[in-house]
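> What follows is a predicted protein model with its sequence.
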Amino acid sequence: MSVVSSASDDRWRQSHLGRLLGQALRRFDERVLTLMAHNHEVPLALSNLAARGQVSAAHIHITRHLALNGSRLTDLAEHAGMSKQAMGKLVDQCAAWGLVQRAAHGHDQRARLVQFTPDGLAWLKAFELAVGQAQAEFAQEAGSDVATVAMLGLEAYAQGYTGSRR
């Protein structure tokens, strides 16, 4: 007996919600990076990195999850759903690019905070503008009503996420 119910009809593998969300996220992130690469407010070195494809969606995790007043590496990794080691490598790379810096933690001298640099804050502002434009483009392409329903539905679905695998 076959494990798959119908070997000839596997269209579901290409069109289920998870796959569509993944494809949409990749498209959205690529568009945001393209917009950032062409934003004249982004420091030139960072703009060039984005334009040459050196900045990836993984680097965007830092932009999305780093608190404005700084974050501990462990907290940053947890919020991004990454291992501390993987996030540490991204932080090292972003520090070398001038996006972030490591600073002493005010309350715990053993801990270090990852913080945006002034160039990192300019990057964050460009990220905000690019996300806004990409969302507007999505609304124009999908329709305003569909975009609103999609946003509300994804927000409701994401609120139920606990981060644990059951």
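Great, that's in hand. Numbering: from 1, shown residues only.
> Show the pLDDT at residue 7.
We have a pLDDT of 59 for residue 7.
> ok, now the one 4 residues further on?
The score at residue 11 is 85. That number is its pLDDT.
> what about it, neighbour count?
9 (other CB atoms under 10 Å). For the C-beta atoms, the positions are set from N, CA and C on the backbone; glycine is no exception.
> which phi and psi does it have?
phi -60, psi -30 (degrees, to the nearest 10).
> Return the list of helices and strands in contact with the helix or strand bottoming out on mean pLDDT in the chain.
Within the chain, confidence by mean pLDDT, DSSP states H and E is lowest for helix 44-51 among all helices and strands, at a mean of 74. Under the contact definition 3 or more CB pairs under 8 Å, 6 or more residues apart in numbering; DSSP states H and E, helix 44-51 sits against helix 17-37, helix 84-97.
> does residue 109 sit in a helix, a strand or a coil?
Recorded secondary structure, residue 109: coil (DSSP: H, G, I helix; E, B strand; the rest coil).
> For residue 57, see how far away it is.
According to CB to CB, to the nearest Å, residue 109 stands 34 Å off from residue 57.
> try residue 159
Noted for residue 159: a distance of 23 Å to residue 57, by CB to CB.
> Name the spans of the protein whose pLDDT lies under the cut-off.
Scanning the chain for pLDDT under 70 picks out 1-7, 163-166.
> if we go to 80?
Low-confidence segments of the chain, defined by pLDDT under 80, span residues 1-8, 41-59, 61, 105-111, 161-166.
> for it, which helix is longest?
As assigned by DSSP state H, the longest helix anywhere in the chain is helix 118-142.
> what comes up buried for that one?
The neighbour-count check on helix 118-142 (16 or more other CB atoms under 10 Å) flags 119-120, 122-124, 126-127, 129-131, 134, 138-139 as buried.
> Next: stretch 44-56.
Neighbour counts over stretch 44-56 (16+ other CB under 10 Å) mark 46, 47, 49, 50, 55 as buried.
> Redo these as TSV? Include distance to residue 26.
Formatted as TSV, the buried residues of stretch 44-56 follow (distance: CB to CB, whole Å):
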residue	distance to residue 26
46	21
47	21
49	19
50	16
55	14
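> Closest one of those residues to residue 68?
residue 46 (18.2 Å; CB to CB).
> if I look at the closest one, how far off is residue 105?
Taking CB to CB, one finds residue 46 at 26 Å from residue 105.
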